[in-house]
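> Please work out how this folds:
(4 chains)
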Protein chains: 2
Amino acid sequence: MTDSPAKKTKSDRTREAILEAARLLFAQKGYDGTTVRDIAAAAAIDPAMVIRYFGGKDALFARAADLDLRLPDLTTLPRHAVGEALVRHFLTVWEGDGGTIGLPIALRSAASNDLAAARLREIFATQVAPAIARLAGPDAPAVAGLVATQILGLAFTRYVLRLPPVVALPRERIVAEVGRSIQAYIDGARP
Amino acid sequence: MTDSPAKKTKSDRTREAILEAARLLFAQKGYDGTTVRDIAAAAAIDPAMVIRYFGGKDALFARAADLDLRLPDLTTLPRHAVGEALVRHFLTVWEGDGGTIGLPIALRSAASNDLAAARLREIFATQVAPAIARLAGPDAPAVAGLVATQILGLAFTRYVLRLPPVVALPRERIVAEVGRSIQAYIDGARP
DNA sequence: GTAAAATGCCAACACGTGTTGACAAATTCA
DNA sequence: TGAATTTGTCAACACGTGTTGGCATTTTAC
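Sure, this is the predicted structure:
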């Protein structure tokens, strides 16, 4: 049913509409702040359809927040450029409207919803930690944690809290300065 | 009524009990996740009392989240030690159970509640930004923003998201590594 | 001791939530 | 065309929310 990209039945179209509306609203208002009725209204259909197509709000969120950070293979880069590359990558993913807007979704919701928090931890464990592990040696978990500290902090202040001076920061400056911090965390593991 | 510390009328005692329970629950569950009934139960009184004593949930939150970061005067420290001092200060404030548990409250709530977000931005503007401004010159807002990026990210991953490797990080290592990053942000403004 | 004020509990309200079932409209298939 | 299946709408349920007013109980003051 889901793996026939050529045929677009009517139901698939509204299913996509629901998912898209859900992603947008979850990202804007968080899990608890988003109601099924809001999603239905944004998708221009009945609230009942949201439940019928996805089984419930929880299941819909799980589907909407099933995000892929698309982390590049860090070992192919020159070691001294990993920090900046990481920051540049995340800024691109977050700011690209076409791609996945997933991280802000999870970030916003994780603060007050245990399900979302668990999902974010899982994303970190399965995507960020392994990528760092390849170049940080035995101390990788701590390094990955420090990196997460800075990356999530940037995402939070810029996209969730929308702290004015952070929003105003030009992209290249963020890449340079935050990149240097992350580089320091990574280098610290292999002095 | 409020400025007679000697006399502790019965009502003042329960008023304090409500406020204390509210602070704890807001910090644990966020604004939206905390119900008036929960607070009342924790304070061992009736939900109606919460409204009667504080006028409503919003007003109670405003009172509970009225936090003071107690930032030290950064100009009295040797310039190269400001980064570590800042991190050490925040860790002490956050981990000290006796003091204000305010920042995690605001952090958790700010993600999904506009009122809490505005309050956090205000705290940043009135407390963090001026402290940085004294030693960062004309570029102070950007520097303060970068610092906030790292500090709030640390608070978020360690106390809200509870990312295991960050929770496991020993205090002194956080002071050293995160302190170095913050120091770099501050030094970057005055090369 | 008695009147008055405070402190507190109970039941209920109006509302918004996720979710469900019955029924109409549209689409598909023969 | 006619029957069957899908797609959608409507109304309603059961529940949890913040909030309110009325009444019992305790404390205070004379």
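
> Please look at A:Pro165 and B:Pro141 and confirm they touch.
Yes. Taking C-beta atoms under 8 Å as the definition, A:Pro165 is a contact partner of B:Pro141 at 4.2 Å. Heads up, the C-betas are built off the backbone N, CA and C, glycines and all.

> any residues in contact with both of those two?
By C-beta atoms under 8 Å, 6 or more residues apart in numbering or on different chains, A:Pro165 and B:Pro141 have these common neighbours: B:Ala129.

> give the contact list for the residue in chain A positioned nearest to chain B.
Residue of chain A nearest chain B, by C-beta to the nearest C-beta: A:Gly153 (1.7 Å). A:Gly153 makes contacts with B:Ala148, B:Thr149, B:Gln150, B:Ile151, B:Leu152, B:Gly153, B:Leu154, B:Phe156, B:Thr157, as judged by C-beta under 8 Å, 6+ apart.

> so which strand or helix has the residue most central in space within chain A?
The centre of chain A sits closest to A:Leu103, judged by C-alpha atoms, centre = their mean, with a distance of 1.7 Å. Element membership for A:Leu103, per DSSP states H and E: helix A:102-110.

> Run the contact check for whichever helix or strand comes after that helix versus DNA strand C.
Downstream of helix A:102-110, the next assigned helix or strand under DSSP H and E is helix A:114-123. No. Figure legend: helix A:114-123 not in contact with DNA strand C (C-beta under 7 Å from any atom of the strand); closest approach 12.1 Å.

> Which positions within helix A:114-123 qualify as buried?
Across helix A:114-123, burial judged by 16 or more other C-beta atoms under 10 Å in any protein chain shown covers A:Ala116, A:Ala117, A:Arg119, A:Leu120, A:Arg121, A:Ile123.

> Now do the strands for chain A: every range, in order, please.
Remark: strands of chain A are absent; assignment by DSSP state E.

> Show me which residues of it are close to DNA strand C?
Residues of chain A lying near DNA strand C (C-beta under 7 Å from any atom of the strand): A:9-10, A:34-38, A:47-48, A:50-52, A:56-58.

> now check the helix or strand of chain A with the lowest mean pLDDT, is it near chain B?
Lowest by mean pLDDT, DSSP states H and E among the helices and strands of chain A is helix A:102-110, with a mean of 82. Yes. With C-beta under 8 Å from any C-beta of the partner chain as the criterion, chain B is reached by helix A:102-110 at A:Leu107, A:Arg108, A:Ser109, A:Ala110.

> Pick out whichever of the residues you listed sits closest to A:Val175.
Lowest distance from A:Val175 to these (C-beta to C-beta) belongs to A:Leu107, with 20.1 Å.

> before we move on, back to that, among the residues of chain A next to DNA strand C, which one sits closest to DNA strand D?
The shortest gap between DNA strand D and any of the residues of chain A next to DNA strand C belongs to A:Ala48, at 3.6 Å (C-beta to the nearest atom of the strand).

> Name the residues of stretch A:86-98 that are buried.
Neighbour-count burial for stretch A:86-98 [16+ other C-beta under 10 Å]: A:Leu86, A:Val87, A:Arg88, A:His89, A:Phe90, A:Leu91, A:Val93, A:Trp94.

> Out of the residues you listed, which is nearest to B:Ala43?
A:Trp94 (41.3 Å).

> thinking again about what came up before, want to throw the buried residues of stretch A:86-98 into JSON lines with distance to A:Pro78 and pLDDT?
JSON lines is the format used below for the buried residues of stretch A:86-98 (distance: C-beta to C-beta, whole Å; pLDDT from 0 to 100):
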{"residue": "A:Leu86", "distance to A:Pro78": "13", "pLDDT": "95"}
{"residue": "A:Val87", "distance to A:Pro78": "15", "pLDDT": "96"}
{"residue": "A:Arg88", "distance to A:Pro78": "14", "pLDDT": "96"}
{"residue": "A:His89", "distance to A:Pro78": "15", "pLDDT": "93"}
{"residue": "A:Phe90", "distance to A:Pro78": "19", "pLDDT": "92"}
{"residue": "A:Leu91", "distance to A:Pro78": "20", "pLDDT": "93"}
{"residue": "A:Val93", "distance to A:Pro78": "21", "pLDDT": "86"}
{"residue": "A:Trp94", "distance to A:Pro78": "24", "pLDDT": "85"}
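
> which one of these sits closest to B:Ala21?
Once C-beta to C-beta is applied, the member of the buried residues of stretch A:86-98 that ends up nearest B:Ala21 is A:Trp94, at 37.5 Å.
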